[in-house]
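**Student:** Fold the following for me, if possible:
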Amino acid sequence: MAMIAWRPQPATHGVWWSGKFTLPRTKLADLEDLSEVPGVSVSISDTEDRMVIGAIQAHRSAHAALARLGFSPPGAMAPADLTGDTLSLPTRSLRSYQIEGALTIVGAGGGLLCDAPGLGKTSSSIAAAVALCNDIGGRTSVLVVGPKYVRNVWRQELLACGVIDDPDDFYAVDARTPTKEAEQAFGAARWRFCHYDLLDDWRHVFTNPLYGTRANVVIFDEAHWLRNPKAKRTKAALAIGPLARHRIVLTGTPLANRVRDLWPLLTLAGGGGSWGTLFQFLSRYTHYARDAYGWVSYGTRHEEELRQRLAGLYVRRTNDDVGAEIPPLTRIVHRIPPERPLSAPLQRFTGGDTVKALQRLRDAFRSGVAREETLKLINDWRKWTSDAKVDYTAHSVASILEQNENAVVFTWRRETAESIAKQVDKLSEFGRAFVIHGGVPDAERVRLIDEFQANHSPTVIVATIDSLKEGVTLHAASDVFLHDLDWIPATVLQAEKRIHRIGARKPCRSHWIVIESSADELIVEHLDTKAEVIADALDDAAMRDALDETQLRARDAGADFASEILGDDA
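**Tutor:** As a prediction, the model looks like this:
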């Protein structure tokens, strides 16, 4: 019987697991065979008549060889030796790239599936989870963790795939305080769902073996919700995940904003503490230093090493990589002149010269001195620009509705969404405007989306970006308007992917509405800079190319669109 104490190693050592062991001498031949496995170093420090004492240092790629000898680091996932024939769903055919992605995840026993939004990650992960459960045998269960609004998406997908026969076979946690009845219903279901807001409240149910509710496979959907290591939901996920035999981490935007966002996802997918602590991760892969306000990280370091470590854990394909049948997306920036006077605080700040004021803000960001007052000023400027663009966006959308086409509009604030919808209702004789924000009940939200997708009459959905940027399909529209841009590149691209995904039938257009010489200019520049960081860290040229294209077309695209859609009066 092997006795081993595993200890994760900082990435700087190039060794991700190490441990001491005591074995019977009869295992000596196995150790000699193990020492020939790439990524494993075995050293024998002492021998007795009956025992061998030594140490092992291992790369994650050697996990399968270690597992055969019973040397599995805590939290590490067991690979499954399955083929594409085992990855079938009762009532749905998977595309070849979906099978390939699922096989990669299954072969590693879990991992990060980060295909671009719209490529069918949900179907791939369901097929992988079913195959892993079949490989385990006996009674198994799958826990899906994600934002609240993807709950119905998963239920519908499981029904469509034929994995469950009845909606009740999918139990969704909906009470903050676990009751005995809820715990029993949860334990009886083979497919379970808990949204991130309740994860910490149910943590003891998922982790305590006395409840008998530990899942064999845990799927973390929209896992970029876990990018903050200090958040309760992230701490709960990091406690629950390692208890499952297999973990599948799903996100179309693994690096939402900064390299540090990767650490929780990699820790969940990798297991065994192989990525070290957050401090060790940031010290290795970012420029990490202390300033007057504390520790800060920026940029990337050792990019090639990071990519190599991700190779066996991370699957990322774009539309171009897989040849998916998705029409092209054209990004257009509409630069419109300001037509409203600035508010009194903004007038005092700009002194009548917005160009110089913007340069002062750029300098503040670059020097790292953009603090609370500066951020509040930018926030006020964003509110002003959002209100100033309402007429332009409403007229653009109304013109599309008059052509019997649908559209989607994303705004920053609820008030702006309601203003645009009200304007569109006045301007369009036949079109309809639906408003969706965080205050809309789930049932009403689902009804509005279903009616929009049914495409009975020209309709625009005007939504706050946080309420509808993920987990829904809106490809009944071919035009999406980003009335307000977000600081995070992943949020912008996720919003675009609501219409640009499998099932879209026409070429898509994404319209960025930007007021010249305003806070919008700062956000566009910021998005471009962040895209560079993400592309360098993940070797994701698609992110860089998407935003570079926008920058190149920014000057006159708005005028072209106005002529095409709004006519000669634009």
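
**Student:** CA only for contacts and neighbour counts going forward, please
**Tutor:** Fine.

**Student:** Pull the number of nearby residues for Ser297.
**Tutor:** By the measure other C-alpha atoms under 10 Å, the count of residues near Ser297 is 16.

**Student:** Okay, buried residues for stretch 453-463 please.
**Tutor:** Within stretch 453-463, the residues that count as buried by 16 or more other C-alpha atoms under 10 Å are 453, 458-463.

**Student:** Stretch 476-485 now?
**Tutor:** Those buried within stretch 476-485 under the rule 16+ other C-alpha under 10 Å are 476-485.

**Student:** Name the SS class of Trp512, please.
**Tutor:** strand (DSSP: H, G, I helix; E, B strand; the rest coil).

**Student:** what's across from it in the sheet?
**Tutor:** Beta-bridge partners recorded for Trp512 (DSSP bridges): Val333, Leu482.

**Student:** Could you measure from it over to Tyr392?
**Tutor:** Using C-alpha to C-alpha, to the nearest Å, Trp512 is found at 12 Å from Tyr392.

**Student:** Neighbour count: the two, which is higher?
**Tutor:** For Trp512 and Tyr392, the more surrounded residue by other C-alpha under 10 Å is Trp512, and the numbers stand at 24 against 15.

**Student:** close enough to count as contact, the more buried one and Thr330?
**Tutor:** No: Trp512 is not in contact with Thr330 according to C-alpha atoms under 8 Å; the separation is 10.9 Å.

**Student:** before we move on, back to that, and the buried residues of stretch 476-485, which of them are in helices?
**Tutor:** Here DSSP state H is the test, and the buried residues of stretch 476-485 give no hits in helices at all.

**Student:** Could you pick out the one among the residues you listed with the lowest pLDDT?
**Tutor:** Ranked by pLDDT, these bottom out at Leu485, which scores 87.

**Student:** Now do the same contact list for that one.
**Tutor:** 411-412, 492, 512, 520, 523-524 (C-alpha atoms under 8 Å, 6 or more residues apart in numbering).

**Student:** What is the end-to-end distance of stretch 145-158?
**Tutor:** 15 Å.

**Student:** tell me the mean pLDDT over it?
**Tutor:** Rounded mean pLDDT across stretch 145-158 is 88.

**Student:** Ser41 should be in a helix, yeah?
**Tutor:** No: Ser41: not assigned to a helix; according to three-state DSSP it is strand.

**Student:** what is it paired to in the beta sheet?
**Tutor:** Judged by DSSP bridges, the bridge partners of Ser41 are Gln57.

**Student:** Number of residues surrounding it?
**Tutor:** Ser41 has 17 nearby residues by other C-alpha under 10 Å.

**Student:** In CSV, list the buried residues of stretch 476-485 along with distance to Ala421.
**Tutor:** Below are these laid out as CSV (distance: C-alpha to C-alpha, whole Å):
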residue, distance to Ala421
Ala476, 18
Ala477, 16
Ser478, 18
Asp479, 16
Val480, 14
Phe481, 13
Leu482, 14
His483, 12
Asp484, 15
Leu485, 18
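
**Student:** before we move on, back to that, of all the contacts of Leu485, which comes closest to Glu444?
**Tutor:** Thr411 (19.4 Å; C-alpha to C-alpha).

**Student:** got the contact list for stretch 422-439?
**Tutor:** 391, 394-395, 397-399, 401-402, 414, 417-418, 421, 445, 448, 457-464, 466-468.

**Student:** Return the subset of those residues lying in strands.
**Tutor:** 459-464 (DSSP state E).

**Student:** possible to save these as CSV with pLDDT and distance to Leu243?
**Tutor:** CSV is the format used below for these (pLDDT from 0 to 100; distance: C-alpha to C-alpha, whole Å):
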residue, pLDDT, distance to Leu243
Thr459, 92, 46
Val460, 94, 44
Ile461, 95, 41
Val462, 95, 41
Ala463, 94, 38
Thr464, 94, 36
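
**Student:** tell me which of those is nearest to Asp201?
**Tutor:** Nearest member of the ones in strands among the contacts of stretch 422-439 to Asp201, counting by C-alpha to C-alpha, is Thr464, at 27.6 Å.

**Student:** got the residue ranges for the helices in the stretch 301-450 of the chain?
**Tutor:** Under the criterion DSSP state H, counting those that start in this stretch, the stretch 301-450 of the chain contains helices at 303-310, 319-322, 344-350, 354-367, 372-388, 390-402, 414-427, 442-454.

**Student:** pLDDT weak spots in the stretch 201-350 of the chain?
**Tutor:** 210-212, 256-257, 271-273, 292-293, 312, 321-324 (pLDDT under 70).

**Student:** quick one on the thing from earlier: from the contacts of Leu485, which land in strands?
**Tutor:** 411, 512.

**Student:** wait, which of the contacts of Leu485 is closest to Gly109?
**Tutor:** Val492 (31.8 Å).

**Student:** show me the residues around the closest one that make contact.
**Tutor:** 482, 485-486.

**Student:** Swap in 10 Å and give it another go.
**Tutor:** By C-alpha atoms under 10 Å, 6 or more residues apart in numbering, the contact list for Val492 reads 410, 465, 469, 482, 484-486, 512, 527.

**Student:** thinking again about what came up before, which residues do Trp512 and Tyr392 both contact?
**Tutor:** With C-alpha under 10 Å, 6+ apart as the test, Trp512 and Tyr392 both reach 334, 483.

**Student:** all helices of the stretch 451-570 of the chain, in order?
**Tutor:** For the stretch 451-570 of the chain, helices defined by DSSP H, counting those that start in this stretch occupy the ranges 465-468, 489-496, 519-538, 541-552, 557-561.

**Student:** tell me the mean pLDDT for the fourth one?
**Tutor:** So that's helix 541-552. Helix 541-552 carries an average pLDDT of 49.

**Student:** Excluding residues flanking it in the chain, which one is nearest Ile515?
**Tutor:** When the adjacent residues along the chain are set aside, Ile515 lies closest to Ile336, with 5.0 Å between them (C-alpha to C-alpha, 6 or more residues apart in numbering).

**Student:** doesn't His483 make contact with the one you found?
**Tutor:** No: the criterion here is C-alpha atoms under 10 Å, and Ile336 misses it with His483 at 12.0 Å.

**Student:** Please render the contacts of Leu485 as TSV that adds pLDDT and distance to Trp191 to the earlier fields.
**Tutor:** Shown next, in TSV, are these (pLDDT from 0 to 100; distance: C-alpha to C-alpha, whole Å):
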residue	pLDDT	distance to Trp191
Thr411	94	35
Trp412	90	35
Val492	85	32
Trp512	91	40
Asp520	83	44
Ile523	81	41
Val524	81	42
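
**Student:** which among the contacts of Leu485 gets closest to Thr179?
**Tutor:** Taking those together and measuring to Thr179 by C-alpha to C-alpha, the closest member is Trp412, at 37.4 Å.

**Student:** Thr140 contacts Arg190, correct?
**Tutor:** Yes: at 6.6 Å, Thr140 and Arg190 qualify as touching, with contact defined as C-alpha under 10 Å.

**Student:** Find residues that contact each of these two.
**Tutor:** Joint contacts of Thr140 and Arg190 (C-alpha under 10 Å, 6+ apart) are 215-216.

**Student:** Would you reformat the contacts of Leu485 as CSV and include distance to Val150?
**Tutor:** Listed next are these as CSV, based on distance: C-alpha to C-alpha, whole Å:
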residue, distance to Val150
Thr411, 21
Trp412, 21
Val492, 19
Trp512, 26
Asp520, 31
Ile523, 29
Val524, 29
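
**Student:** ok, the contacts of Leu485 vs Arg50, which is closest?
**Tutor:** Val492 (63.2 Å).

**Student:** Spatially central, which residue of the chain would that be?
**Tutor:** Central residue of the chain (C-alpha atoms, centre = their mean): Thr251, 3.3 Å from the mean position.

**Student:** Quick check, it in contact with Leu262.
**Tutor:** No: under the criterion of C-alpha under 10 Å, Thr251 is not in contact with Leu262, lying 11.1 Å apart.

**Student:** Common neighbours of those two, please.
**Tutor:** Each of 223-224 lies in contact with both Thr251 and Leu262 under the rule C-alpha under 10 Å, 6+ apart.
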